[in-house]
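Enquirer: one predicted model, sequence on top.
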Amino acid sequence: MSAPLVQTPAMQQYHRMKAEYPDALLFFRMGDFYELFFEDAVVAARALEIALTSRSKDKDGNPVPMCGVPYHAGSAYIARLVKQGFRVALCEQMEDPRAAKGVVKREVVRVITPGTQLEASALEAGETSFVLAIAAGPASLGAAWLEPTTGEFFAAEWDGPTRWERLRDEIGATGPRELLVPGGVELPPWLQDPTQPEAAIPQAKVEDRWLDPANARRELLAQFGAVTLEAFGCEALPRATAAAGAALRYVRETQKRDLAHVTGLLTRGREDVLVIDGLTRRNLELVESMVDGGRRGTLLDVLDETRTAMGARLLREWILRPLVELERIQDRLDAVEELAFRTVERGGLHCWPECRTWTACWAGSPWAPRAPGTSSPSRPPSARWPASPTS
């Protein structure tokens, strides 16, 4: 990347920010616009189909490419870039330019990736946005899923020659939006072949130290305020622990905030559910139609009478990962009977907001009001919630 012959203080600031996030498109706030420069501008202008202009010249006398989008419409443009697989580093002005002495202080307040886009407009009701971290060992494989909006967090570990195929089945069932993969491990062909659906999921390389079981264990213990991972079921599963720690750290570092809504970790057992392979899922049309890949005409479409997005997500998971233990099946049926016939009028459930999702989206959104001179969002506004589902 060529540098201008004489850099203004703002451009010096831009180059420092860009050096910290070389693999992301840097949205650099300047007044009422987010501006991009150099190769970022060329890429973004092409992807967004907006005008590519220029400013000043580099040391060879060539104009410096530049494009920009209005600040108030930033979320829409960022959503379009992330949908195409790009990462976006959001650099905000941290003080009022009118009160600034010298160059306005700026900071990258968030990195938006395919798996960490928290805005409600980026997700359909009932959809999930899992970040999936993979930790591979010589004879075992760990995986961990973290949903940044709801705080849902679970992990698993498999041994033996079929471990990668088990992961493939789980990817098909959970539909992660982003994969965190180890840099020094050879991935299976289906994660490298662009014709395979799993390889189309955006991938981010993570440092080896993030996947160190000891480092990951410390990350998890600090997050949950615990002294052991026994209660979470992964104390004796180093690969699952490594994957969970990497997922937690990745989401925390890209969102640049504490993940207070991530309060627990579920370790899934090897045989707690029936594993349905991808071919069977497609042939049975459980959640996707064989005609167009949509939901119309599928088992999920027939059964889904849920009133909330949380319920829709849970039903989808139940269909794709059916229980196999008789006791748990009976417990679930008892719960459904209680909800359907005895205690709750389901008609009022649509009035209840998704509290955890709403709070997470508010706290993570760059468009939420922020305390003056800080990158921390102010407290979300009070919500008027019904005292009961029927009120």
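Expert: Looks like it came in fine.

Enquirer: list the neighbouring strands of the strand or helix carrying V64 plus their orientation.
Expert: Using DSSP states H and E, V64 falls within strand 63-70. Strand pairing for strand 63-70, using DSSP bridges, gives strand 33-37 (antiparallel), strand 53-57 (antiparallel).

Enquirer: ranges for the strands of the stretch 251-391 of the chain?
Expert: Assigned strands in the stretch 251-391 of the chain, in chain order: 266-267 (criterion: DSSP state E, counting those that start in this stretch).

Enquirer: could you list the low-pLDDT ranges of it?
Expert: Where the stretch 251-391 of the chain drops to pLDDT under 70, the residues are 270-271, 342-391.

Enquirer: buried stuff in the strand holding V64?
Expert: Neighbour-count burial for strand 63-70 flags 64-69 (criterion: 16 or more other Cβ atoms under 10 Å). For every residue, glycine as well, the C-beta is placed using N, CA and C.

Enquirer: now, which of these sits nearest D96?
Expert: Checking these against D96 with Cβ to Cβ, the nearest one is G68 at 20.4 Å.

Enquirer: pretty sure V109 is in a strand, no?
Expert: Yes - looking at V109 with DSSP: H, G, I helix; E, B strand; the rest coil, it is inside a strand.

Enquirer: make TSV out of the strands paired with strand 63-70 and add distance to R321 and mean neighbour count.
Expert: Putting the strands paired with strand 63-70 into TSV (distance: least, Cβ to Cβ, whole Å; neighbours: other Cβ atoms under 10 Å) gives the following:
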stretch	distance to R321	mean neighbour count
strand 33-37	41	23
strand 53-57	51	14
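
Enquirer: and P148, that's in a strand?
Expert: No - the assignment for P148 (three-state DSSP) gives coil, which keeps it out of a strand.

Enquirer: re earlier: closest to V88 out of the strands paired with strand 63-70?
Expert: Shortest distance between V88 and these, using Cβ to Cβ, is found for strand 33-37: 9.3 Å.

Enquirer: got the CA coordinates for the helix or strand following that closest one in CSV?
Expert: Next along the chain after strand 33-37, taking DSSP H and E as the criterion, comes helix 38-48. What follows is helix 38-48, C-alpha atoms only, in CSV (Å, rounded to 0.1, in the frame of the first residue of the first chain):
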residue,chain,number,x,y,z
PHE,A,38,-6.3,2.9,-0.9
GLU,A,39,-7.1,-0.8,-1.6
ASP,A,40,-9.9,-0.8,0.9
ALA,A,41,-11.6,1.9,-1.2
VAL,A,42,-11.2,-0.1,-4.4
VAL,A,43,-12.6,-3.2,-2.9
ALA,A,44,-15.5,-1.6,-1.0
ALA,A,45,-16.5,0.6,-4.0
ARG,A,46,-16.7,-2.5,-6.2
ALA,A,47,-18.6,-4.6,-3.6
LEU,A,48,-21.1,-1.8,-2.7
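
Enquirer: quick one: residues in contact with helix 38-48.
Expert: Residues outside helix 38-48 that contact it (Cβ atoms under 8 Å, 6 or more residues apart in numbering) are 1-2, 18, 25-26, 36, 50-52, 64-67, 69, 77, 80-81, 84, 86.

Enquirer: can you rerun that using 7 Å?
Expert: Residues outside helix 38-48 that contact it (Cβ atoms under 7 Å, 6 or more residues apart in numbering) are 1, 25-26, 36, 51-52, 64-67, 77, 80-81, 84, 86.

Enquirer: least trustworthy position among those, going by pLDDT?
Expert: When these are compared by pLDDT, M1 scores lowest at 49.

Enquirer: contact partners of the strand holding V64?
Expert: 4, 32-38, 41-42, 44-45, 50-58, 77.

Enquirer: next helix or strand past it?
Expert: Moving toward the C-terminus from strand 63-70, the first helix or strand encountered (DSSP H and E) is helix 74-83.

Enquirer: helix or strand right after that next one?
Expert: Following helix 74-83 in sequence, per DSSP H and E, is strand 88-93.

Enquirer: output the below-cut-off pLDDT ranges for the stretch 101-250 of the chain.
Expert: For the stretch 101-250 of the chain, counting by pLDDT under 70, the residues that fall below are 118-126.

Enquirer: helices of that one, start to end?
Expert: For the stretch 101-250 of the chain, the helices defined by DSSP state H, counting those that start in this stretch cover 163-174, 213-224, 238-255.

Enquirer: by contact count, what packs against the last one?
Expert: Spelled out, that is helix 238-255. If contacts are counted by 3 or more Cβ pairs under 7 Å, 6 or more residues apart in numbering; DSSP states H and E, helix 238-255 sits against strand 106-112, strand 131-136, strand 140-146, strand 153-159, strand 178-182, helix 213-224.

Enquirer: in it, which residues are buried?
Expert: For helix 238-255, a neighbour-count test (16+ other Cβ under 10 Å) marks 238-252, 254-255 as buried.
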